Structure formats: structure tokens, C-alpha cells
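Undergrad: need a 3D model of the sequence below.
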Amino acid sequence: MIYWDIFWAFFISNLLGYGGGPSTIPLIQNEVVNQYKWLTLKEFGDLLAMANVLPGPIATKMGGYIGYEIGGVPGLFIALIATIAPSAIAVIILFAFVNRFKKAPQVKWMTKSVQPVIAILLGVLAFQFFLTAFDEIGVLHLLVLGLGSLLLLEKIKVHPALVIVASLFYGGIFLH
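TA: Model (predicted):
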């Protein structure tokens, strides 16, 4: 039964995750933290941070890790298949229609209308991470990391991966 749960959690998240990683992260979080309770929100946040540091699609990295932790090697493969299957099926089915409908106003409207929903989902996830971080590390470290990241990303224009790595080092030194 656990393998079916792994498959379904990642299949449904990636089936409904229109737009790639940013839209699937809150859906994966809902399944693995809220629905199945395989991870706490803090553990999910830690996994998300590590997955952002590594190259490649974030959903497959998260699926592989969670699948392995919950179901071993078979769980890893089941989670990866469930993560990749919705996109593969959609590409095969929709490939014939891409050129015909890509300029249709309905398709453009549909794409634009999904963006606010994704923004809200990511905002809720960020707020949940903020509350967890506030409880776990305190206001001083939260301000240092938050304002430091904002400064590095927006003013100095440091690559996000480097900011994540720097935050990991900060956490390793000051938050052990």
C-alpha cells in the first residue's frame, strides 16, 4: 500500500503542477507533509533547500529522496516514475496540438490566469517556512538570513544557488 501512496502523492502533485517546479513544490508539500505526514514542515524545508542546491529538476530530486526514505529503492523508482509520468503523457498527447493552438487567446488567457494561483501557493508555503524558522532559529538569525539573502539577491545580484550555499554554511556554523 505504501508504494501506491508514494505513486499517487507524486503523480497527482506533478499532474496538477502546471508550470514546473514552483507550482509543484506546494503540491508536493501538501501531500508529503499534510496528507501522508511523511515529513514535518521543517524537514520539507530542509529538503527543499538541499534540492535547490543540486542541479536538475527539483520535483525529481524531492521525489527520489522522499520515495527512498519512505519505500527504499522501489519507493525511489516509483516516486521518480510518478513525477515524470504526467509530463511525459502530456507531451505525447499535446505535442500534436502545440503548433495549432499556441497563439489561441484561450491558451494565453489560461496561462496568465494560473500565475496568480501559483504565486499564492508559493506565498503560503513561504509563510509556513517563515513561521517554522521563527520558532526554530529565532528572530536574530531569521533577520540575518532573510535580510542578507535579500541584499545578496536584489542589490548585489549574487546567483541564488550561491545564496543557498552561503545560508547552509551560516546554518552549519551558527545553528548547529
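Undergrad: please make it C-alpha for all contacts and neighbour counts, starting now.
TA: Will do.
Undergrad: hey, where'd the helices end up in the chain?
TA: Using DSSP state H, the helices found in the chain span residues 2-16, 21-29, 41-53, 58-101, 105-150, 160-174.
Undergrad: and those as CSV, adding distance to Q35?
TA: As requested, those are exported to CSV (distance: least, CA to CA, whole Å):
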stretch, distance to Q35
helix 2-16, 9
helix 21-29, 9
helix 41-53, 12
helix 58-101, 14
helix 105-150, 15
helix 160-174, 28
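Undergrad: pick out the residue closest to the middle of this protein.
TA: For the chain, the residue sitting closest to the mean C-alpha position, by CA atoms, centre = their mean, is I25 at 2.7 Å.
Undergrad: quick check: that one touching A59?
TA: Yes. I25 is in contact with A59 according to CA atoms under 8 Å; the separation is 7.2 Å.
Undergrad: what about the residue lying farthest from the centre of the chain, distance to L121?
TA: In the chain, counting by CA atoms, centre = their mean, R100 sits farthest out from the average C-alpha position, at 31.4 Å. Using CA to CA, to the nearest Å, R100 is found at 31 Å from L121.
Undergrad: go on, L47?
TA: From L47 to L121 the distance is 18 Å (CA to CA).
Undergrad: K42 now?
TA: Distance, K42 to L121, using CA to CA: 17 Å.
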